[in-house]
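Asks: Provided below for reference: sequence and predicted model.
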Amino acid sequence: MYKTLKVIHHIAGLIGSLLVLLMAITGILLNHRSLIGYSSNTAFELQKFIFALHSGSVGNTSIVWLTDIGAICMIVLSISGVWMWTDLILRKRRRNKHE
């Protein structure tokens with residue numbers, strides 16, 4: 001059970017981290033628009049694309065499910081991390097009790 005939970009924890013961590021990284025980068029670029037050339041027309045198109053990625057709709061396609069997956073991964077990561085930590089502490093206590 002512990003090994004399976006560890007694999008789930010690692011997969012959720014990887015997927016969740018990539019999605020949170022995407023949200024963080026697009027958020028920083030939206031907050032500091034001068035980094036992508038706020039005044040030019042080409043940069044305006046790039047800003048629209050970055051905003052679309054960050055808000056979850058690119059063109060007519062909704063990608064809100066990506067942020068949902070990121071949120072679910074963070075929930076799974078948190079729960080599995082606490083579970084594994086608790087299991088480890090309990091096993092150490094049992095081992096020390098028998099010594």
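Replies: All right, it came through fine.
Asks: from now on I want contacts and neighbour counts done on CA atoms only, so please keep to that.
Replies: Fine.
Asks: quick one: low-confidence parts of the protein?
Replies: 37-43 (pLDDT under 70).
Asks: and with 80 instead?
Replies: 1-2, 27-47, 53-54, 58-59, 63, 67, 98-99 (pLDDT under 80).
Asks: so which elements touch the longest helix belonging to it?
Replies: The helix that spans the most residues within the chain, counting by DSSP state H, is helix 64-98. Here helix 64-98 touches helix 2-31, going by 3 or more C-alpha pairs under 8 Å, 6 or more residues apart in numbering; DSSP states H and E.
Asks: the helix it packs on to helix 64-98, inter-axis angle?
Replies: 140 degrees (axes from the mean of the first three to the mean of the last three C-alpha atoms, to 10 degrees).
Asks: buried residues, helix 2-31. List them.
Replies: Neighbour counts over helix 2-31 (16 or more other C-alpha atoms under 10 Å) mark 5-6, 8-9, 12-14, 16, 19-20, 23, 26-27, 29-30 as buried.
Asks: Three-state assignment for His54, please.
Replies: His54 falls in the helix class when you classify it by DSSP: H, G, I helix; E, B strand; the rest coil.
Asks: so it touches Ile28, yeah?
Replies: No. Contact criterion C-alpha atoms under 8 Å: His54 and Ile28 do not qualify, at 10.2 Å.
Asks: kindly indicate which of the buried residues of helix 2-31 lies nearest Ile36.
Replies: Nearest to Ile36 among the buried residues of helix 2-31 is Leu29, at 7.2 Å by C-alpha to C-alpha.
Asks: the closest residue to that closest one other than its chain neighbours: neighbour count?
Replies: Nearest non-adjacent residue to Leu29, counting by C-alpha to C-alpha, 6 or more residues apart in numbering: Leu35, 6.7 Å away. Neighbour count for Leu35, taken as other C-alpha atoms under 10 Å: 11.
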